[in-house]
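Student: using only what follows, build the 3D model:
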Amino acid sequence: MKEIFSHAEMSVREGFPIQKGMNFRPREKGYSIFLMSVREDSPYNDNFDEDLQVLIYEGEDITRAEQDHPKEFDQPLFTKLGGLTSNGKFFQAAEAYKFKRKNVPEIIKVYEKINTNIWADKGLFSLVDARFEYSEDEKRKVFKFVLKLQSVEDAKTLQEKEQFEFSRRIPTDVKRLVWKRDGGKCVTCGANSDLHFDHVIPFSKGGSSNDSKNVQILCSRHNLEKSARIQ
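Tutor: Numbering: from 1, shown residues only. So this is what the prediction gives:
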């Protein structure tokens, strides 16, 4: 199961040009899509908990078409025409689940930015809560969406599922270091497509996800060959 994408590949995979960070049920899909980044220069404050199981995702700002300095204004619930913004749609969905008006939470596929034009699939999350609260750091009110990690639903085999689950436990800063160190290529053959983050010593055998020395980039072929040897 491919894990690392360019923006163009990600858009082809999802079937539409992804331009926004928050995409509510695009093209009538059965799930929504979030783009996120925890880089220091990121425009939003997105963060995982220590176990990488819960994502706190910050909502979208008012557009520059409406205000020249969006960060000086509360994040909007409604558009200037009175409809719901993306914030509003997801807040409504979270409230419906939280107050049991809906039995199943909104499912959100999350892509995380690793480098310029490089994105990693973080998998599927459940939107379980949302808050609209004052931020002391930003001096304004912002939306905070609480997402819990789901299991890998689209993995075809147990081996594939385990590999993807292990990869998702690798912190973002480790992935960025490994991507830069390995030059965005398979360390075995130099391929620059169909890539994965791989544990040198497998996670299941005690290998660390937090040490960049134990993480490398492999293409699908060499990732599978390595897994077969270990088994």
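Student: contacts, neighbours, all on C-alpha from now
Tutor: Will do.
Student: quick check: bridge partners of residue 129?
Tutor: For residue 129, the residues forming beta bridges with it (DSSP bridges) are residue 146.
Student: now for it, how many residues are close by?
Tutor: The local packing count at residue 129 equals 22, with neighbours defined by other Cα atoms under 10 Å.
Student: show me the contacts for the spatially closest residue to residue 147 that is not a sequence neighbour.
Tutor: Using Cα to Cα, 6 or more residues apart in numbering and skipping the chain neighbours, the partner closest in space to residue 147 is residue 127 (4.6 Å). Under the criterion of Cα atoms under 8 Å, 6 or more residues apart in numbering, the contact list for residue 127 reads 93-94, 105-108, 145-148.
Student: quick check: next helix or strand after the lowest-mean-pLDDT helix or strand in the chain?
Tutor: Least confident helix or strand, the chain: helix 158-168 with a mean of 53, by mean pLDDT, DSSP states H and E. Using DSSP states H and E, the helix or strand that follows helix 158-168 towards the C-terminus is helix 172-181.
Student: which parts of that following helix are buried?
Tutor: Taking 16 or more other Cα atoms under 10 Å as the neighbour-count basis, helix 172-181 is seen to contain the buried residues 172, 174-179.
Student: for that helix, packing partners?
Tutor: Counting contacts by 3 or more Cα pairs under 8 Å, 6 or more residues apart in numbering; DSSP states H and E, helix 172-181 packs against strand 106-115, strand 215-219.
Student: mind putting the ones you listed in JSON lines, distance to residue 72 included?
Tutor: Below are those laid out as JSON lines (distance: least, Cα to Cα, whole Å):
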{"stretch": "strand 106-115", "distance to residue 72": "25"}
{"stretch": "strand 215-219", "distance to residue 72": "40"}
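Student: quick check: residue 216 vs residue 120, distance?
Tutor: For residue 216, the distance to residue 120 (Cα to Cα, to the nearest Å) stands at 14 Å.
Student: returning to what we had before: would a markdown table of the contacts of residue 127 with distance to residue 79 and neighbour count be doable?
Tutor: Putting the contacts of residue 127 into a markdown table (distance: Cα to Cα, whole Å; neighbours: other Cα atoms under 10 Å) gives the following:
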| residue | distance to residue 79 | neighbour count |
| --- | --- | --- |
| 93 | 17 | 21 |
| 94 | 19 | 24 |
| 105 | 24 | 19 |
| 106 | 22 | 21 |
| 107 | 24 | 21 |
| 108 | 22 | 24 |
| 145 | 19 | 21 |
| 146 | 23 | 19 |
| 147 | 24 | 25 |
| 148 | 28 | 18 |
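Student: between strand 106-115 and the helix or strand where residue 142 lies, find me the angle.
Tutor: Assigned by DSSP H and E, residue 142 belongs to strand 140-149. With axes from the mean of the first three to the mean of the last three Cα atoms, to 10 degrees as the criterion, the two stretches strand 140-149 and strand 106-115 enclose an angle of 100 degrees.
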